[in-house]
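S.K.: what follows is a protein structure lacking sequence information:
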């Protein structure tokens, strides 16, 4: 097996595009592994740790494109030709115009633009965001690894200038109907969203769409916005913008558990909007199911979508309760032996956290890398023998590899590893559709589950697989087509992530 390095000097490309190209080159026959990334010190360190020792790495700078290939019977010239072809065409299939290399050049080319999406290594994102804000542009920072101090400084500047600074680590937004980064295709409507979590926004917007509602704006803030240090600056700005928007009739705020002080400030501001407001703090049961003035606190992301649609005057089906068909629970439970453990493999951090929180509230002890510390926290990528839920999009799994929403093979690899555990049998997945995600994630997951079944049958046991799909029928992948792939593979598909986790809890109660 040969390993070689290709370096393109002064050839910047954003990280999302490079992750997609990495995945496509890995699909080339003869290519065992491929990493296409900018030559930042962190990326160079990761390549060296992966066994790439080419002296070319000594010459690489942060603005250089690095292509690291592990392949058999394929020449460097072939890879370079494939790479050139992929770089010439964007994901939409349209040829790209001249790609400006600075914000100033981009403004000259598109002078009417008023928002900049920043997707560069974190150590450079702050500088680019400051340039954009200084030019009076709203900012969405897709990049992570921006310091808390820099985030605070950027958001103070944005607030002073009356500009949005979404992020850092803001994965999703829909602004004036335009999906940004990882986002789904949803109809316009009367519901506005402010969210500190990317897949949380995706889950809520998709549920709203499938219920017949639509979105005015979905404003991402980044996961730290509701911390004590940041004080909810962008959340508050987003709420006030939606309050002033005549098209927005209902405001939805979603986040993982925020600082209590900041949560109180946010709810106080929501009460002054004069509009119906729905709030869901994922994993925080304290306020859920409460009603305060014009605020309704909900028990799940899906229920937040349902309440928002009701307030918007949309008729909601009456069969959306959380109760499960008893016969289905019995049927699935009978396939499993006593002591079967739950394994949740998630592409979305928020969907994983929602499932984790639900199982915990049902009294099950579940380990996870979503816990930053404590006895139930999983550090690194080690295997755990008990119930576990893994966010496969976290840094420890994606170092040098595309995010599993882009390359879902990562999840299949982890599933194969976990199936060596004789207790693994109750499987839970999310499937995230939309822009930025893999073109056909359901078929890849179906293959992984089929191999898991074959592995289990060799040990005279069976598995039960449950999934939910975050997507809409008008997403590029097609919700209905993806659902058929999963169901044809024997995967039980629930209407949303919360109900999928609830089904898992109901089954688990019968097999412990």
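M.R.: Sure thing, it's come through. No experiment lies behind these values; they were computed from the predicted model shown.

S.K.: mind listing the strands for the stretch 301-450 of the chain?
M.R.: For the stretch 301-450 of the chain, the strands defined by DSSP state E, counting those that start in this stretch cover 341-346, 367-368, 388-391, 424-432.

S.K.: Throw these into JSON lines and include mean neighbour count, thanks.
M.R.: To be clear about C-beta, it is placed using only N, CA and C from the backbone, and glycine gets the same treatment. Formatted as JSON lines, the strands of the stretch 301-450 of the chain follow (neighbours: other C-beta atoms under 10 Å):
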{"stretch": "strand 341-346", "mean neighbour count": "25"}
{"stretch": "strand 367-368", "mean neighbour count": "20"}
{"stretch": "strand 388-391", "mean neighbour count": "25"}
{"stretch": "strand 424-432", "mean neighbour count": "26"}
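
S.K.: which one of the ones you listed lies nearest to residue 278?
M.R.: strand 424-432 (21.7 Å; C-beta to C-beta).

S.K.: tilt between that closest one and strand 341-346?
M.R.: Strand 424-432 and strand 341-346 meet at an angle of 20 degrees, taking axes from the mean of the first three to the mean of the last three C-alpha atoms, to 10 degrees as the criterion.

S.K.: sheet partners, orientation included, of strand 424-432?
M.R.: strand 341-346 (parallel), strand 464-470 (parallel) (DSSP bridges).

S.K.: list the buried residues in stretch 491-506.
M.R.: Neighbour counts using 16 or more other C-beta atoms under 10 Å place 491-494, 496-506 of stretch 491-506 among the buried residues.

S.K.: one step back: need the strands paired with strand 424-432 in JSON lines (columns: distance to residue 100).
M.R.: As requested, the strands paired with strand 424-432 are exported to JSON lines (distance: least, C-beta to C-beta, whole Å):
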{"stretch": "strand 341-346", "distance to residue 100": "36"}
{"stretch": "strand 464-470", "distance to residue 100": "33"}
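
S.K.: do you know which of those strands lies nearest residue 295?
M.R.: Distance to residue 295, taken as C-beta to C-beta, is lowest for strand 464-470 among those, at 25.1 Å.

S.K.: how about the strands paired with strand 424-432, which one is nearest residue 439?
M.R.: strand 464-470 (14.7 Å).

S.K.: strands - which of the buried residues of stretch 491-506 land there?
M.R.: Here DSSP state E is the test, and those give 492, 493, 494 as lying in strands.

S.K.: tell me the pLDDT of the second one.
M.R.: What that stands for is residue 493. pLDDT for residue 493: 96.

S.K.: what residues are up against it?
M.R.: 466, 467, 468, 469, 483, 486, 487 (C-beta atoms under 8 Å, 6 or more residues apart in numbering).

S.K.: equivalent analysis for residue 6, please.
M.R.: Contacts of residue 6 (C-beta under 8 Å, 6+ apart): 66, 67, 69, 76, 79, 80, 83.

S.K.: can I get those residues in TSV with secondary structure and pLDDT?
M.R.: Output for the contacts of residue 6, formatted as TSV (DSSP: H, G, I helix; E, B strand; the rest coil; pLDDT from 0 to 100):
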residue	secondary structure	pLDDT
66	strand	90
67	strand	89
69	strand	89
76	helix	83
79	helix	85
80	helix	85
83	helix	86
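
S.K.: pick out whichever of these sits closest to residue 142.
M.R.: residue 66 (20.0 Å).

S.K.: quick one, phi/psi of the residue lying closest to that closest one once chain neighbours are set aside?
M.R.: Excluding its sequence neighbours, the residue lying closest to residue 66 (C-beta to C-beta, 6 or more residues apart in numbering) is residue 39, at 4.8 Å. With angles defined as degrees, to the nearest 10, residue 39 sits at phi -80, psi 50.

S.K.: burial count for residue 39?
M.R.: Residue neighbour count, defined by other C-beta atoms under 10 Å, stands at 23 for residue 39.
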